[in-house]
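Novice: Provide a 3D model corresponding to the input given below.
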Amino acid sequence: MVLPPKTPPRFVPTLTEVVPQTDAAPAAAPARPLPEDRQEQLLQRVLQHVDKLLEQRLRETLADTVLPGLRAEIEAMVREAVADGRAAGAAGLSGASGAMGTRGASPDAKG
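Specialist: Residues are numbered from 1 along each chain as shown. Reported below is the predicted structural model:
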């Protein structure tokens, strides 16, 4: 359903005053040198900020570079451990089936 366009109210406020635009912004006060202690504080704050940014970027770069290799190594190690565990479990089941019954170790077994 399409509505007809609304007509504006009969009495709409209008702008009657024109404000002239200034040609130039007020001149800024000339920069005065900071006292030594303020300069040192500012320097330390900037260096801390830069240090945080560098640390963050280094972590991101290392993560992008190192993580895939670490994941691959961990995956290979876990695969090997699972395969070894399955092989040891299979060997233990086939080799110890006579020694271990459903009731546990035989009384003459030492251990």
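Novice: Secondary structure of T14: a helix, I assume?
Specialist: No: assignment of T14 by DSSP: H, G, I helix; E, B strand; the rest coil gives coil, placing it outside any helix.
Novice: Distance check, it against T7.
Specialist: 17 Å (Cβ to Cβ, to the nearest Å). Placement of C-beta: from N, CA and C, glycine included.
Novice: Please apply the same query to G92.
Specialist: From G92 to T7 the distance is 91 Å (Cβ to Cβ).
Novice: Pull the CA coordinates from stretch 84-92 and hand them back as CSV.
Specialist: What follows is stretch 84-92, C-alpha atoms only, in CSV (Å, rounded to 0.1, in the frame of the first residue of the first chain):
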residue,chain,number,x,y,z
ASP,A,84,51.9,-45.8,19.7
GLY,A,85,49.1,-46.1,22.3
ARG,A,86,47.0,-48.1,19.9
ALA,A,87,49.9,-50.4,19.0
ALA,A,88,50.8,-50.9,22.7
GLY,A,89,47.2,-51.6,23.5
ALA,A,90,46.9,-54.1,20.7
ALA,A,91,50.2,-55.8,21.7
GLY,A,92,49.1,-55.9,25.3
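Novice: the strands in this protein, which residues?
Specialist: 100-101, 104-105 (DSSP state E).
Novice: Count the residues that sit near H49.
Specialist: A count of nearby residues for H49, using other Cβ atoms under 10 Å, gives 10.
Novice: And the pLDDT for it?
Specialist: We have a pLDDT of 95 for H49.
Novice: how about low-confidence regions in this structure?
Specialist: Judged by pLDDT under 70, the chain has its weakly predicted residues at 1, 12-13, 24-34, 95-111.
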